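In: okay, structure incoming, though there's no sequence with it:
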């Protein structure tokens, strides 16, 4: 087997995330190639000088031949047939993914390709835009990139997947799939629902309201501009965790409503929100602290990585 | 009486909004001066070359003498004693304000200074920062500036107040106080509560969550960073309208939660939010259409201005 950094990478799906990764890795690795179902996307990528094809079987046979790491980069709703094809044409290849929800992807992989070599991943990066035209090789710069880190995760496979994230410019956040999905519900999927409700309530009044809308509305509703299908694919595949955060959101708003009605103040919610925002700014505004004193492959390395990641540390 | 554009302006309160207005108007009018309770703020403004004082009575006597337009620019919670002082020292002066909630300000003015010449105003501009250091003379550039437009509003007074908004770089949005307050609840005050709950729920998990937080959380929680006292002053003085939008927010989220639980999808809320965001982008992304065929002072001018403002038109 070739070493982690020199291995080819095969990206299945060339939308915002997969396309941006193709463009980025093309400058750091010799052999990076991709597949997309749509000839329009493949033509655009090829015209821009990248190695792309609409032939899934041929792309996977090439990946198997080259011992490439396969990156699943389609929406979760399109993943089943793609994993079937990997099982058929490149059954021994190491797979990772860049799809939002990790438990759902792991379930699809286990069902369609039992015994697959698979280490999940999720770059916390995106824009409200989609498709090849929106791709950007610097999309992952300084982003957080979750890499599945379970007690049975293979050390070499983990290194190979983490190397891709690092080469893309991101920091590696090692986590268990369920912890990732709960966190994603809290800081990404729930914010999509609060943005949607903020937008819908704001526009419910007359055009006068939207005319008067300023920064708080503009920023608070930005992600509601994302294509509804992409939002639904992400949110609905994490429904269990999202039900929890959504219920907590409702409970807190009901408490705030009752307090405003009965006592005329909104202090508890506004103050809790302010404290939370300051904690976020503190974490986001400083360089991430590196995970220390762990050698990948040593006894218990996975648990120790996860432990430090829960303290907001990252693998560099 | 001097003409609208040449009249002096007296600004009471030199925080983010009042201070920014002082700095802006100092470059367009000869005589602009301000008052602030805090010597630190007055010293900073004076050091920057502006005309400011900590003596409220002297400032108001000067305003009365000069026939200045008085701009109330303190938080709504500090407004009562300020209006008392205007009633005592400059009872005939035209007053406007730049405070968020219009029905509450009108109530305070009517109670403390019956018979006052008063035309309310509200620039839809702000940042998460406050105080003199945060002031910016370009803060109002292309912002929307609501000016109270009731059936008994005096034409000359309306012109004088609107001239200040235009000189600050803003567009004038003529509206009734109650319509403004409902709109402000929908597009400004409610977004403060949804930002707060989004932040609080997001930070409720471990530090891992905030470590993974990306654009949707950053933008969706931005206004939760505003000082809690300023948020409370704004939101709690608009409690009736805010109770309405908050209840609608809760109802929509409960419907979304039930649908996610029973049918596994979030389509109705995500799609409603997306449509609302697109409508907002359409309005915010194009130059505002001017109100046409109205002469200020003609029969029914106030109603006609309001009618066109409800179609998202502005007075230029």
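Out: Looks like it arrived, so ask away. Bear in mind the structure is a predicted one, so any value in this text is a computation, not a measurement.

In: any idea how chain A splits into domains?
Out: Per automatic domain parsing, the domain ranges recorded for chain A read A:8-175+A:287-309, A:181-284.

In: and the shortest one, average pLDDT?
Out: The pLDDT scores in domain A:181-284 average 95.

In: look up the closest residue to the residue of the stretch 201-316 of chain A at minimum distance from chain B, ignoring the ones flanking it.
Out: Scanning the stretch 201-316 of chain A for proximity to chain B using CB to the nearest CB identifies residue A:273 as nearest, at 2.5 Å. Where C-beta positions appear, they are placed from N, C-alpha and C, glycine not excepted. Using CB to CB, 6 or more residues apart in numbering or on different chains and skipping the chain neighbours, the partner closest in space to residue A:273 is residue B:196 (2.5 Å).

In: re earlier: show me what contacts the residue of the stretch 201-316 of chain A closest to chain B?
Out: Contacts for residue A:273 were tallied using CB atoms under 8 Å, 6 or more residues apart in numbering or on different chains; they are B:195-200, B:221, B:224.

In: ok, now residue A:281?
Out: Applying CB under 8 Å, 6+ apart to residue A:281 gives the contacts residue B:225.

In: can you tell me the element it falls in?
Out: Mapping residue A:281 onto the secondary structure by DSSP states H and E places it in helix A:267-284.

In: list the buried residues in that helix.
Out: Buried positions in helix A:267-284, judged by neighbour count with 16 or more other CB atoms under 10 Å in any protein chain shown: A:267, A:269-277, A:280, A:283-284.

In: for the residue lying closest to residue A:125 once chain neighbours are set aside, grab the count of nearby residues.
Out: Nearest residue to residue A:125 in three dimensions, chain neighbours excluded: residue A:143, at 4.1 Å (CB to CB, 6+ apart). Using other CB atoms under 10 Å in any protein chain shown, residue A:143 has 20 other residues around it.

In: what about the strand or helix carrying residue A:21, near chain B?
Out: For residue A:21, the element it lies in under DSSP H and E is helix A:16-25. No - contact of helix A:16-25 with chain B (CB under 8 Å from any CB of the partner chain) is absent, the minimum separation being 12.4 Å.

In: list of residues touching that helix?
Out: Helix A:16-25 has contacts (CB under 8 Å, 6+ apart) with A:9, A:11-12, A:14, A:32-34, A:36, A:41, A:45, A:48, A:50, A:52, A:71, A:73-74, A:98, A:123, A:125-127, A:129-132, A:134-140, A:164, A:167-169.

In: then stretch A:230-242?
Out: Stretch A:230-242 is touched from outside by A:75-77, A:100-101, A:103-104, A:130, A:181-182, A:184-186, A:188-190, A:192-193, A:223, B:260, B:264-267, B:270, B:274, with contacts defined as CB under 8 Å, 6+ apart.

In: which of these count as buried?
Out: Buried members of the contacts of stretch A:230-242, scored by 16+ other CB under 10 Å, are A:75-76, A:100-101, A:103-104, A:130, A:181-182, A:184-186, A:188-190, A:192-193, A:223, B:260, B:266-267, B:270, B:274.

In: which elements pack onto the helix or strand the residue nearest to residue A:273 falls within?
Out: Taking DSSP H and E as the definition, residue B:196 sits inside helix B:190-204. Using 3 or more CB pairs under 8 Å, 6 or more residues apart in numbering or on different chains; DSSP states H and E as the contact test, the elements touching helix B:190-204 are helix A:190-204, helix A:215-220, helix A:239-263, helix A:267-284, helix B:207-212, helix B:215-220, helix B:228-236, helix B:239-263.

In: turn those into a markdown table, columns for distance to residue A:113.
Out: Listed next are these as a markdown table, based on distance: least, CB to CB, whole Å:
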| stretch | distance to residue A:113 |
| --- | --- |
| helix A:190-204 | 30 |
| helix A:215-220 | 41 |
| helix A:239-263 | 23 |
| helix A:267-284 | 36 |
| helix B:207-212 | 27 |
| helix B:215-220 | 31 |
| helix B:228-236 | 51 |
| helix B:239-263 | 29 |
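
In: which of those sits most buried?
Out: Using mean count of other CB atoms under 10 Å in any protein chain shown, the stretch among the helices and strands packed on helix B:190-204 with the greatest mean number of neighbours is helix A:190-204 (a mean of 28).

In: can you give me the offset of it from its chain's centre?
Out: Relative to the mean C-alpha coordinate of its chain, helix A:190-204 is positioned 22 Å out (CA atoms, centre = their mean, to the nearest Å).

In: can you check stretch A:59-76 too?
Out: 18 Å.

In: in it, what's buried?
Out: Within stretch A:59-76, the residues that qualify as buried by neighbour count (16+ other CB under 10 Å) are A:59-60, A:62-64, A:66, A:68-76.

In: in helices only, show me the residues you listed.
Out: Where the buried residues of stretch A:59-76 overlap with helices, as defined by DSSP state H, the overlap consists of A:59-60, A:62-64, A:66.

In: residue of the stretch 1-150 of chain A with the smallest distance to chain B?
Out: Closest approach of the stretch 1-150 of chain A to chain B (CB to the nearest CB) occurs at residue A:124, with a separation of 4.1 Å.

In: so residue A:311 touches residue A:304, yeah?
Out: No - checked against CB atoms under 8 Å, the pair residue A:311 and residue A:304 is beyond contact range at 11.4 Å.

In: tally of neighbours for the residue of the stretch 1-150 of chain A closest to chain B?
Out: Other residues near residue A:124 come to 25 when the count uses other CB under 10 Å.

In: tell me if stretch A:166-184 is near chain B.
Out: Yes - counting by CB under 8 Å from any CB, chain B has neighbours in stretch A:166-184: A:173, A:175, A:179-180, A:182-184.

In: with stretch A:98-118 instead?
Out: No - on the criterion CB under 8 Å from any CB, stretch A:98-118 is out of touch with chain B, staying 11.3 Å away.

In: buried set for that stretch?
Out: For stretch A:98-118, the neighbour count (16+ other CB under 10 Å) marks A:98-106, A:108-109, A:112-113, A:116-118 as buried.

In: how far away is residue A:271 from residue A:133?
Out: Distance of residue A:271 to residue A:133, given as CB to CB, to the nearest Å: 43 Å.

In: so what's the most centrally placed residue in chain A bridging to?
Out: To find the centre residue of chain A, average its C-alpha atoms and take the closest one (CA atoms, centre = their mean): that gives residue A:122, at 3.4 Å. Beta bridges link residue A:122 to residue A:146 when assigned by DSSP bridges.

In: so it touches residue A:143, yeah?
Out: No - with contact taken as CB under 8 Å, residue A:122 and residue A:143 are classed as non-touching, separated by 10.3 Å.

In: what's near enough to touch residue A:201?
Out: Contacts of residue A:201 by CB under 8 Å, 6+ apart are B:186, B:190, B:245, B:248-249, B:252.

In: farthest-separated two in the buried residues of stretch A:98-118?
Out: A:100 and A:117 (21.4 Å; CB to CB).

In: ends of stretch A:185-196, what's the gap?
Out: Using CA to CA, to the nearest Å, the span of stretch A:185-196 from its first residue to its last is 15 Å.

In: got the phi/psi numbers for residue A:34?
Out: As for residue A:34, its main-chain torsions (degrees, to the nearest 10) stand at phi -140, psi 160.

In: lovely, talk soon.
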